[in-house]
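In: could you work out the structure for the sequence below:
(2 chains)
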Amino acid sequence: MMEWIFAKISDPMTAIATFGARVSNVARKVPTWPVYLAGMVPGAWLIWQTVFGGRYIDPVRALETQLGLYSLQFLLASLTITPLLRFARINMLKFRKVLGLLAFGYLTLHFLTWLFLDLQFRWGQIGADLVKRPYITVGFVALLILVPLAATSWQGAIRRMGAQTWARLHRLVYIAVLLGAVHFIMQEKVWTLQSIIYLIIAILLVGIRLAWIRRW
Amino acid sequence: MHMSNLTRADVTPEAIWMNRRQIIAAMGAGSLAGGIGFGARAQNTLEPHSWEQITGYNNFYEFGIGKDDPAKNAGAMKTEPWTVKVDGLVDNPGEFSLADLIGDIPTEERIYRFRCVEAWSMVIPWNGFELNKLLAKVGVKPEAKFVAFETAVLPDVMDGVNYPILDWPYREGLRLDEAMHPLTIMATGLYGKPIPNQNGAPMRLVVPWKYGFKSIKSIVRMSLVEDQPHATWQQTNPKEYGFYSNVNPDVDHPRWSQASERVIGAGLFGGRIDTLPFNGYADQVASLYDGMDLRENF
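Out: Here you go, the predicted model:
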């Protein structure tokens, strides 16, 4: 046992590679549909709670903030897939799209909640908010950015667009995730540790990409 | 006093409540000079929110910034004994126990709309007394122009004050004529029961025509002063929060519109209503601001 541990410590790269290969092996055997389903569970539970549960005194606000937060969390998770492959040799690439689409789904629900449940079709106020309120503008731009990404998330789109063009388009996610994290901070009345941590994670995940791009 | 065990059944049955409310409304209209009633919407929508809503959805950053944090955490605060310091330009300064300070001022019920700066609202049945009665008791010197208030800072039970979320203690202030106005009350109760800690026990200010944050909670100090006092949110972000902070649908918060508000408990599809100038109390209080530019003095 001690020898085994010692071997791991003395040769961390091999250890990581072995570990990575093992996780990748497991991941390869898992189809994507259970991940889609699992990803929808928190949203379904949240909606159930707000509609039937009576747990929230202000269900609209709970729905709105939590859906937005889930979206940000899934988007950040999708951005960890590539670094995991690079640094830990864990191959979960096939789940990247799943996580991204879950993020987009939650974002869409978040937006619709704001539109229909929070602002209640007050189109004048909705229009004014979109233009005049920086945090709403920022969030809305993030949503707009993610629309073409979600629309080209199917396998055929890569073939039709060409891998290079597709990859370039999908780099827009870096801007979207930063806008999302900034939007989260901007809507708060005071600074909170939680929102700052999300922004730091977003900056780190995007920063890694910038470092890679510069090295290419 | 712990209120967390109360259930819906502990609240006054609605039939009795409605009855009592009509009596109060009638009394209110009679007792307040100049026909002060309960504002334009009194007849149709002044239905008090439930005990659970009023005591479960609070902003009281000393106990955490989540809406349910105060209900979870404020129970640890001891409000007995409670000392209030009265100082500044008063005839009778000193440190008083709450009971001594209030003395024989009778408590009455006031059902007020409550409009948060975050654009949600409730209707709350307070028990309390007009602040002007307390001011009369402590004796306001003629030079006094403002009243300043401070919330308790109790690091042992208020985890929030251990972090620089705001510049503690929480402070607020009113112009003397605002403080003297008959709609301005000190609340010590809710639904006929002692006010729960998360709502500002044992005594808080309630100024129904201003955004909720002006109605400072758990008051430990009241000072009569000559200059406009420090107000916590104004200090924190002067572009977003003014000293007056009168409810005004025409002056937006820089980050969100104040034109409408979501009524708590109206359900998923229920309720956004237009916000009224001075939260519906314009008839009673608008004259306090005659000649003032309310966009400048927001």
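In: so B:G189 sits in a strand?
Out: Yes. Under DSSP: H, G, I helix; E, B strand; the rest coil, B:G189 falls within a strand.
In: does it touch B:G128 like I think?
Out: Yes. Counting by CB atoms under 8 Å, B:G189 touches B:G128, with 6.7 Å between them. In short, each C-beta sits where N, CA and C put it, glycine included.
In: which of those two has more neighbours?
Out: Between B:G189 and B:G128, B:G128 has the larger neighbour count (other CB atoms under 10 Å in any protein chain shown), namely 24 against 20.
In: any idea whether that one is helix, strand or coil?
Out: Three-state call for B:G128 (three-state DSSP): strand.
In: ok, it to B:L224 distance?
Out: 20 Å (CB to CB, to the nearest Å).
In: can you check B:N162 too?
Out: Per CB to CB, B:N162 is found 31 Å from B:L224.
In: give me the more crowded residue out of the two.
Out: It is B:L224, of B:N162 and B:L224, that has more neighbours when counted by other CB under 10 Å, with 25 against 11.
In: quick one: that one is in a strand?
Out: Yes. B:L224 forms part of a strand when assessed by three-state DSSP.
In: okay, and the beta partners of it?
Out: Counting by DSSP bridges, B:L224 forms beta bridges with B:G88, B:V147.
In: which regions of the chain sit below the pLDDT cut-off?
Out: Here I'm looking at chain A. A:1-10, A:215-216 (pLDDT under 70).
In: to clarify, I was referring to chain B.
Out: Ranges of chain B meeting pLDDT under 70: B:1-45.
In: can you give me the strands for it?
Out: Taking DSSP state E, the strands of chain B run over residues B:83-88, B:94-97, B:108-115, B:120-130, B:146-151, B:171-175, B:185-190, B:193-194, B:204-206, B:219-225, B:260-263, B:272-274.
In: how about TSV for those strands, with distance to A:G53 added?
Out: Below are those laid out as TSV (distance: least, CB to CB, whole Å):
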stretch	distance to A:G53
strand B:83-88	41
strand B:94-97	44
strand B:108-115	25
strand B:120-130	20
strand B:146-151	33
strand B:171-175	36
strand B:185-190	25
strand B:193-194	27
strand B:204-206	31
strand B:219-225	36
strand B:260-263	19
strand B:272-274	22
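In: which stretch among the ones you listed comes nearest A:V60?
Out: Among these, the nearest to A:V60 by CB to CB is strand B:260-263 (6.4 Å).
In: against which helices or strands is the closest one packed?
Out: strand B:120-130, strand B:272-274 (3 or more CB pairs under 8 Å, 6 or more residues apart in numbering or on different chains; DSSP states H and E).
In: any chance you could map the strands in chain A?
Out: Here chain A has no strands by DSSP E.
In: just the helices in it please.
Out: Along chain A, counting by DSSP state H, helices occupy A:2-10, A:12-29, A:33-48, A:59-88, A:94-112, A:123-132, A:134-151, A:155-161, A:163-170, A:172-186, A:193-215.
In: export those helices as a markdown table, with columns for distance to B:M122.
Out: Output for those, formatted as a markdown table (distance: least, CB to CB, whole Å):
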| stretch | distance to B:M122 |
| --- | --- |
| helix A:2-10 | 59 |
| helix A:12-29 | 49 |
| helix A:33-48 | 23 |
| helix A:59-88 | 13 |
| helix A:94-112 | 25 |
| helix A:123-132 | 21 |
| helix A:134-151 | 25 |
| helix A:155-161 | 49 |
| helix A:163-170 | 46 |
| helix A:172-186 | 26 |
| helix A:193-215 | 26 |
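In: and these as CSV, adding distance to chain B?
Out: Shown next, in CSV, are those (distance: least, CB to the nearest CB, whole Å):
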stretch, distance to chain B
helix A:2-10, 39
helix A:12-29, 36
helix A:33-48, 10
helix A:59-88, 6
helix A:94-112, 12
helix A:123-132, 5
helix A:134-151, 6
helix A:155-161, 35
helix A:163-170, 31
helix A:172-186, 7
helix A:193-215, 9
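In: I'd like the distance between the most centrally placed residue in chain B and B:L190.
Out: Nearest residue to the geometric centre of chain B (CA atoms, centre = their mean): B:V206, 2.5 Å. Here the criterion is CB to CB. By it, B:V206 lies 10 Å from B:L190.
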